[in-house]
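Chemist: When you get a sec, could you give me coordinates for this:
(4 chains)
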There are 2 protein chains.
Amino acid sequence: MSSTYWHPDVAELSLPSVLFALSDPVRLEIVGQLAAWRDGEVPLVCASVGPDMPKSTRSHHLKVLREAGVTRSVQSGRERQLSLRRDELDERWPGLLSAVLAGVPSPA
Amino acid sequence: MSSTYWHPDVAELSLPSVLFALSDPVRLEIVGQLAAWRDGEVPLVCASVGPDMPKSTRSHHLKVLREAGVTRSVQSGRERQLSLRRDELDERWPGLLSAVLAGVPSPA
DNA sequence: AAGAAGGTTCGACTGAAATGGAACTGTCGA
DNA sequence: TCGACAGTTCCATTTCAGTCGAACCTTCTT
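Modeler: Numbering: from 1, shown residues only, chains lettered A, B, ... in the order given. This next block holds a predicted model:
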């Protein structure tokens, strides 16, 4: 796991931080897209996720998600491949992410 | 249902607002206490919920929860009895509240 | 080596949220 | 009727979050 980045350990995640990270429409949309990603598809990278916006803004939202422990980003070449930390979140707060995702309109 | 207050209808609740309301430790503690309330017990009122703090601050947090649709407060005499809108929230976002509550340390 | 591409960081600005004191409203008890 | 009591509202202050341009760092390409 050569992730380049620091990611918080599951044990040190906090529920308020996670809920806060998920409480923004833009971030919720990003999470929805990550959740819709299927193995075998071309990996989602920063630039390809969320609505159109300046890259510094997008980077900010992705940072909030990453630091809350919701997403993971792994460097690959000059891109960063994004993924949801589904299993880890589910281990810590069973059913939480699923319940949230069920309330997010799935991306077109 | 003589609620004195305006409460948003389930249909008009938004996921980001609910998650935001739940993303604060103080409010999460309040919600945990409301969830622990059992039928037959003396009703929970504003003053008896959450950590010690000025009443204007408490009133603020309760307003956030109420307006997000998480709680309901019904006037009774000079107090306001608080309750969780469990069933309604569960109808709208099944499993969400339960998952959150499972992650909240239950009150002593 | 030079430049483009993908992201991060920094700094500034703006708007929103948290906090708490003080004044106010409505209800109850004496 | 006069407090006392439960809450809300108003207001000021401070802190935090969102937005975005500009500069920067890496990696890839040529």
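
Chemist: So the spatially most central residue of chain A versus DNA strand D, what's the distance?
Modeler: For chain A, A:Thr71 is the residue whose C-alpha lies nearest the centre (C-alpha atoms, centre = their mean; 3.3 Å). Applying C-beta to the nearest atom of the strand, to the nearest Å, the value for A:Thr71 to DNA strand D is 15 Å. Yep, even glycine has a C-beta here, placed from its N, CA and C like the rest.

Chemist: now swap in A:Arg38 and tell me
Modeler: Applying C-beta to the nearest atom of the strand to A:Arg38 and DNA strand D gives a distance of 25 Å.

Chemist: how about the residues of chain A near DNA strand C?
Modeler: Proximity of chain A to DNA strand C, by C-beta under 7 Å from any atom of the strand, involves residues A:45-48, A:55-56, A:58-60, A:62-63, A:73, A:78-80.

Chemist: ok, 6 Å please
Modeler: A:Val45, A:Cys46, A:Ala47, A:Lys55, A:Ser56, A:Ser59, A:Leu62, A:Lys63, A:Ser73, A:Arg78, A:Glu79, A:Arg80 (C-beta under 6 Å from any atom of the strand).

Chemist: Skipping adjacent residues, who's closest to the fourth one in space?
Modeler: Just to be clear, that refers to A:Lys55. Closest residue in space to A:Lys55, ignoring its immediate chain neighbours: A:Ala47 at 7.1 Å, by C-beta to C-beta, 6 or more residues apart in numbering or on different chains.

Chemist: ok, now which ones touch the one you found?
Modeler: By C-beta atoms under 8 Å, 6 or more residues apart in numbering or on different chains, the contact list for A:Ala47 reads A:Lys55, A:Arg58, A:Glu79.

Chemist: biggest separation within the residues of chain A next to DNA strand C, which pair?
Modeler: A:Lys63 and A:Arg78 (18.0 Å; C-beta to C-beta).

Chemist: These two: which is more packed in?
Modeler: A:Lys63 (14 against 6; other C-beta atoms under 10 Å in any protein chain shown).

Chemist: I'd guess that one is in a strand, am I close?
Modeler: No: in this structure, A:Lys63 is helix, not part of a strand, as judged by DSSP: H, G, I helix; E, B strand; the rest coil.

Chemist: Could I get the pLDDT score of it?
Modeler: Model confidence at A:Lys63, given as pLDDT, is 98.

Chemist: now it: how far from A:Asp52?
Modeler: Between A:Lys63 and A:Asp52 the computed distance is 19 Å (C-beta to C-beta, to the nearest Å).

Chemist: so what's the residue nearest to the centre of chain A bridging to?
Modeler: Beta bridges link A:Thr71 to A:Leu84, judged by DSSP bridges.

Chemist: quick one: it and DNA strand C, what's the gap?
Modeler: A:Thr71 sits 10 Å away from DNA strand C, going by C-beta to the nearest atom of the strand.
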